[in-house]
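1. Attaching a predicted model along with its sequence, questions to come.
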Amino acid sequence: MDNFIVSARKYRPVTFDSVVGQQHITSTLKNAIHNSQLAQAFLFCGPRGVGKTTCARILAKTINCEHIAENVEACGTCDSCRSFQNGNSFSIHELDAASNNSVDDIRSLIEQVRIPPQTGKYKIYIIDEVHMLSQAAFNAFLKTLEEPPSYAIFILATTEKHKILPTILSRCQIFDFNRIKVDDMANHLASIAEKEAITFEADGLHIIAQKADGGLRDALSMFDQIVSFSNKNISYQSVIDNLNILDYDYYFQLLDGIAKEDAAQSLLIFDKVLNNGFDGGHFISGLATHIRNLLVSKEPATLKLLEVSENIKRRYLEQSQALSSGLLLSALNIANQCEINYKSSKNQRLQVELALLKMCHIAAAILLSKQGSFVPSASPEQKKKLPDQPVAPVDRPVSPTAQVPVSTSKVDTAPIVGQSNIASPTNNAKPPIVSSSVATDTPKKGWGKIATPTNIPNLNTIFEDKPVEEDQESDLVQGTDFQEITLNVFLSKWNAFADTLKQTSRITLYTIMTANTPRLNGTVIEIDVENGVQMEELKLGKIDMLNYLRVELKNFALDIQGIQVEMTRSRKPYTSQEKYQAMVSKNPALETLRKAFNLGLS
């Protein structure tokens, strides 16, 4: 049986044109060779598995090729090319800096640089993982890298550019390698599968390319693994089974359930995902990505951001048209908050289930806000005026967490999430007042332009149990007496009420009333408080205090205002120097006495 060669080695590029996804690098290097403008030091940096060492080897082989082709590629047949391919070239040397990182290794390399090449025009040194060199090794390498012999060329490769000394970076031509695109990787895997007579589904190859995260070597390793697993028949199902990837179908079914407000279906899908061995955090992260892809599918201009196969892209387009942008943005916000809180939660499953339940109630929350039952941050005066002042819809973008007050006038609302329903004024009603700065055009389609009728309530706050602020004015006693108040009478009533507080164990409010003498400024009682805690306590007790004082003083215009004052604390003298300074501040003659007798402090 022949020895198996992994695809990453068997199909390693040997020419510039065969390098995948790095055309900006290969074209620059080919032009430099063609114009004889080669630098004496190159630095190839980028993530793993994107072709740094491969390009370094191709560059070294092409530079020393005796018969360079017209397309600036190595011929592969000359003595230099054959010796390099066989691994016995005397002019091209590779050094692994991870295991040869000492200053002695670099000194040995510098000694070799002094010897001219035996064959070929250049002596080329490829140093891989150069960031692993020690500080002393870098310093020993500096002079040679700056002024090497005319026949020496250094090609450095690293995955961690930030670890290399700036003095080294300034002596190199730097080439940044990109992560390889999903489509480029999928096409490359397809070409290899055809050469190896392997049957495949395009969806499965796309999943492998996405899982590789920009590294072609990782993609080829997974490709070999799945070929063995599926017996040379790569299908979408075999890929997701072998790589432990959540199927797209889970998310498509889940969004259908959310659109139908089917909470039971959503919870059952999540339970099935957990039973298949997937983590809840991985699930919610994938759900957020799925919703993001649906939003991207809303606009033709952003459709290119989808890195999926054509079949999956078609499903995204179909589902995105059936769901409103308001629902998707609200769901994305909920998923994002769940992902943030997931790791710190003690009951992580409940955290995800709560997020799914919120998503299933988005449509109900939007409908509730349209009917006027949900009007956040409205003052009592605004609440009274809302029914009489309908507000025209506004065509402007709304953030996922925005909560926009809407009119409570009668509107024909429909249960479809995100549908715009604009009430036309009746003959007797006044036309809606629209600001001159507000556009009233017909709302445009697309996820980037969302009209106000499609409200996006924040489901993370709408279902919270919030304390309802009471209308304090309605609790105050009212009357028609406004008698003049003398200071003595006021203070007597003030102290009397403070005594009742003490008897009922309301000590904090009693302390506020007795610690500082109140000031009567017309009908406003000003009282000093020392901190925010006392200010809050004063606000809570304000109603009881005014109800007592207004009746006893027969003046129903009285009001109480707390004024927070800054408390300055004097520090007691501790050291001998501090004690002396405190005495001098009281009697300056002490300093004159000390100077006259040249006294010191013990």
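-> Sure thing, it's come through.
2. Longest helix in this protein, please.
-> Criterion DSSP state H: the longest helix present in the chain is helix 532-553.
3. host element of the residue nearest the centre of the chain?
-> With distances taken as Cα atoms, centre = their mean, residue 336 lies nearest the centre of the chain, 9.1 Å away. Residue 336 belongs to helix 325-342 when assigned by DSSP states H and E.
4. Which elements pack onto that helix?
-> helix 248-259, helix 280-296, helix 348-360, helix 362-370, helix 459-462 (3 or more Cβ pairs under 8 Å, 6 or more residues apart in numbering; DSSP states H and E). No exception for glycine: its C-beta is placed from N, CA and C like everyone else's.
5. one step back: tally of neighbours for the closest residue to the residue nearest to the centre of the chain other than its chain neighbours?
-> Ranked by Cβ to Cβ, 6 or more residues apart in numbering and with sequence neighbours excluded, the top spatial neighbour of residue 336 is residue 288, at 6.0 Å. Per other Cβ atoms under 10 Å, the neighbour tally for residue 288 reads 18.
6. what do you get for the one 3 residues further on?
-> A count of nearby residues for residue 291, using other Cβ under 10 Å, gives 27.
7. Residue 24 too?
-> By the criterion of other Cβ under 10 Å, residue 24 has 11 neighbours.
8. quick one, what contacts it?
-> residue 178 (Cβ atoms under 8 Å, 6 or more residues apart in numbering).
9. what's the answer for residue 598, then?
-> No contacts exist for residue 598 under Cβ under 8 Å, 6+ apart.
10. Local confidence estimate at it?
-> Looking at residue 598, its pLDDT stands at 79.
11. could you measure it against residue 93, distance?
-> Note on residue 598: its distance to residue 93, by Cβ to Cβ, to the nearest Å, is 80 Å.
12. Same question for residue 81.
-> Here residue 81 is placed at a distance of 16 Å from residue 93 (Cβ to Cβ).
13. Name the residue in those two with the higher neighbour count.
-> For residue 81 and residue 93, the more surrounded residue by other Cβ under 10 Å is residue 81, and the numbers stand at 20 against 15.
14. on that earlier part again, tell me which of the helices and strands packed on helix 325-342 sits nearest to residue 192.
-> helix 248-259 (24.5 Å; Cβ to Cβ).
15. so the residue nearest to the centre of the chain makes contact with residue 289?
-> No. Judged on Cβ atoms under 8 Å, residue 336 makes no contact with residue 289 at a distance of 11.0 Å.
16. where along the protein do the strands fall?
-> Along the chain, counting by DSSP state E, strands occupy 41-45, 92-96, 123-128, 152-158, 173-176, 199-200, 233-234, 519-521, 524-529, 559-564.
17. In TSV, list the ones you listed along with distance to residue 348.
-> Formatted as TSV, these follow (distance: least, Cβ to Cβ, whole Å):
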stretch	distance to residue 348
strand 41-45	38
strand 92-96	43
strand 123-128	42
strand 152-158	39
strand 173-176	39
strand 199-200	37
strand 233-234	34
strand 519-521	56
strand 524-529	44
strand 559-564	43
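18. quick one: low-confidence ranges for the protein?
-> 1-2, 369-474, 566-572, 574, 601-602 (pLDDT under 70).
19. domains in it, as residue ranges please.
-> For the chain, the structural domains run 7-176, 182-242, 473-564, going by automatic domain parsing.
20. Please convert these to JSON lines, extending it with distance to residue 279.
-> Converted to JSON lines, these look like this (distance: least, Cβ to Cβ, whole Å):
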{"stretch": "domain 7-176", "distance to residue 279": "25"}
{"stretch": "domain 182-242", "distance to residue 279": "15"}
{"stretch": "domain 473-564", "distance to residue 279": "43"}
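21. so who does residue 190 touch?
-> By Cβ under 8 Å, 6+ apart, the contact list for residue 190 reads 200, 202, 205.
22. Filter these down to the buried ones.
-> Buried members of the contacts of residue 190, scored by 16 or more other Cβ atoms under 10 Å, are 200, 202, 205.
23. Pretty sure the last one sits against residue 188.
-> What that stands for is residue 205. No. Between residue 205 and residue 188 there is no contact under Cβ under 8 Å: 9.3 Å.
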